[in-house]
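K.L.:
structure here, sequence nowhere to be found:
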């Protein structure tokens, strides 16, 4: 394990574009060199050393072992030679953390700003706090985990992009805002808490598993993919359709044991309401019928 | 199985059973393991038996295949009962073709089944498993990525047929063999059955012939140019007096062969060792008087399994061991 620990001295007066704080890039630098790096802040820039107290991460083995254990449980492979960057403090004004990250482990003790892990394609990002909007936008690979809440448009598409999240795994232990997983195309997105309106809107493929309640119009414009309700069944809405399902989906009664078992067993290690998922028999519906109707809702509340 | 040469020379005798100073000659093959699961064990077995049918020899079957073992629900990817198969062919291309045909006709068609790769993805080059079979879905098929693996969900009349995208192909070893030379048919069958039971208890091997036993040991070529293999007259008791190079001695009236394919040289050796150990433990009084092996003089296959070395490395040496020139 190699890397640095950056402890926030004081919150910056303006928003900071922190995309340069990459575990792999910083691992090769000395603390003095890291301190000299400049990050865009408003219309100016600021040295990392002005914002953070920087120190080399002690290679006591404890952190790396913990990392390897956590990664093993999650399926993400983090080796002993992984570059690690630890950030400490309230980083709500730091945007684009983990931007296009490909390798390494970014650990954040605190909350972060907008666009966390945007276009991440590898490595692992762990946030002990919450994240603002656009977290995991266009996520392509790797492991992104937020212990707190995330804002709107998490795992969705960037403006002008056809696809939202298109790979990797994104775990949200708290709540998520509106338009979660908009245009999602691939990967696994799991939310333990409640989510806002229009979850999985325009979803193309992939898996979105919800452990809490969801707002109105889930799966709006959903073409394919799987929307799993593991905690609370979705509300049918004012225009309820067949058998209490929303009007946008059609219930279907057919055995899908194998796919369900594979999916449920893959979600079980995430704990919470997902732990016992494989033992439940889901109700299934297909939708959104306004588009192709090939997406599936799997409702198996605990 | 070809058994051109089997010249006994300074045989070893274990518990009255003579072990020729010969060797089995085996060849490199391409191999894969498939896991078939189903709603219950019976349907998984139906599918597995069908998928490994007509797969005794690459001479005319395209591949050699067999059931490796029965899997409990906690050993399968979907938590259902299952069966592990091993398939071997002479090339990766032929193996891919056989997988597609056999899975398409015998697994996809069988009620409630699903099929998965049984080897680690990094073990070898992937060949199509569900990748092409998905087109049976006629556009209704869907792909699903779960834990980094792609699966195909093909709608069928009992719900869905789920198949993993691909299966890795690795180098295997085919053609390990034992020749059991016995007093009569009863004792030959009994000995072969006991050896087969012991060998099938081991992982990573299959015995592709019916019941694990073949009675038509073959040699390479024939007097008829169209045939690539023909009966190995040296081990045929019914014509022994007429064959100048016959291996049949007085007292031997029946010979059975056990052919072994394995995922590695060590796996084949372990199976052959278990077979030899079983036969020698039963002793000559059980009717199998001699153990030999088929080879091509060492010219064709790189894997040589010497019977004496296998017999001597057996962990338990039943009965007295001697080297002697005569039959027990």
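P.N.:
Structure's in. What do you need? If you're wondering where the values come from, they're calculated on a predicted model, not measured in any experiment.

K.L.:
helix, strand, or coil at the residue of the stretch 201-328 of chain B found nearest chain A?
P.N.:
Shortest the stretch 201-328 of chain B-to-chain A distance, computed as C-beta to the nearest C-beta: residue-wise this is residue B:203, at 23.9 Å. To be clear about C-beta, it is placed using only N, CA and C from the backbone, and glycine gets the same treatment. In terms of secondary structure, residue B:203 is coil; the call rests on DSSP: H, G, I helix; E, B strand; the rest coil.

K.L.:
count the residues that sit near it.
P.N.:
Per other C-beta atoms under 10 Å in any protein chain shown, the neighbour tally for residue B:203 reads 13.

K.L.:
OK, contacts around it?
P.N.:
Applying C-beta atoms under 8 Å, 6 or more residues apart in numbering or on different chains to residue B:203 gives the contacts B:68-69, B:267.

K.L.:
please enumerate the helices of the chain.
P.N.:
By default, I'm working from chain A. Secondary structure of chain A, counting by DSSP state H: helices at A:23-27, A:31-36, A:48-51, A:62-74, A:257-267.

K.L.:
wait, chain B
P.N.:
In order along the chain, chain B carries the following helices (DSSP H): B:41-51, B:92-102, B:185-200, B:265-282, B:307-313.

K.L.:
deepest-packed of the ones you listed, please.
P.N.:
Scoring the helices of chain B by mean neighbour count under mean count of other C-beta atoms under 10 Å in any protein chain shown gives helix B:265-282 as the most buried, with a mean of 23.

K.L.:
what's the span of stretch A:103-114, first residue to last?
P.N.:
21 Å (C-alpha to C-alpha, to the nearest Å).

K.L.:
likewise for stretch A:222-236?
P.N.:
Start to finish, the residues bounding stretch A:222-236 are 16 Å apart (C-alpha to C-alpha).

K.L.:
likewise stretch A:208-225?
P.N.:
Counting by C-alpha to C-alpha, you get 8 Å between the two ends of stretch A:208-225.

K.L.:
figure out how far it is from the centre of its chain.
P.N.:
Distance, stretch centre to chain centre, for stretch A:208-225: 15 Å (C-alpha atoms, centre = their mean, to the nearest Å).

K.L.:
and that stretch, which residues are buried?
P.N.:
For stretch A:208-225, the buried set under the neighbour-count rule, 16 or more other C-beta atoms under 10 Å in any protein chain shown, comprises A:208-212, A:214-215, A:217-225.

K.L.:
one more: stretch B:62-76?
P.N.:
Within stretch B:62-76, the residues that qualify as buried by neighbour count (16+ other C-beta under 10 Å) are B:62-69, B:71, B:76.

K.L.:
just those now: which is nearest residue A:43?
P.N.:
Checking the buried residues of stretch B:62-76 against residue A:43 by C-beta to C-beta gives residue B:76 as the nearest, at 59.8 Å.

K.L.:
worst average pLDDT in the helices of chain A?
P.N.:
Least confident of the helices of chain A, judged by mean pLDDT, is helix A:62-74 with a mean of 41.

K.L.:
ok, back up a step: including pLDDT and distance to residue A:274, could the contacts of residue B:203 go into a markdown table?
P.N.:
Output for these, formatted as a markdown table (pLDDT from 0 to 100; distance: C-beta to C-beta, whole Å):
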| residue | pLDDT | distance to residue A:274 |
| --- | --- | --- |
| B:68 | 98 | 33 |
| B:69 | 97 | 32 |
| B:267 | 98 | 39 |
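
K.L.:
what's the burial count for residue A:238?
P.N.:
Neighbourhood size, residue A:238 [other C-beta under 10 Å]: 8.

K.L.:
any idea of the pLDDT on it?
P.N.:
Model confidence at residue A:238, given as pLDDT, is 72.

K.L.:
what does the stretch 151-300 of chain B put close to chain A?
P.N.:
When proximity is defined by C-beta under 8 Å from any C-beta of the partner chain, the stretch 151-300 of chain B lies next to chain A at B:151, B:153, B:158-160, B:162.

K.L.:
where does pLDDT dip in chain B?
P.N.:
B:1-11, B:315-328 (pLDDT under 70).

K.L.:
give me the residue at the spatial middle of it.
P.N.:
Using C-alpha atoms, centre = their mean, the residue of chain B that lies closest to the mean C-alpha position is residue B:207, 2.9 Å off.

K.L.:
tell me who's in contact with it.
P.N.:
With C-beta under 8 Å, 6+ apart as the criterion, the residues that contact residue B:207 are B:66, B:196, B:199-200, B:213, B:258-261, B:271.

K.L.:
again with residue A:203
P.N.:
Applying C-beta under 8 Å, 6+ apart as the definition, the contact partners of residue A:203 turn out to be A:181-184, A:219, A:221-225, A:227, A:295.
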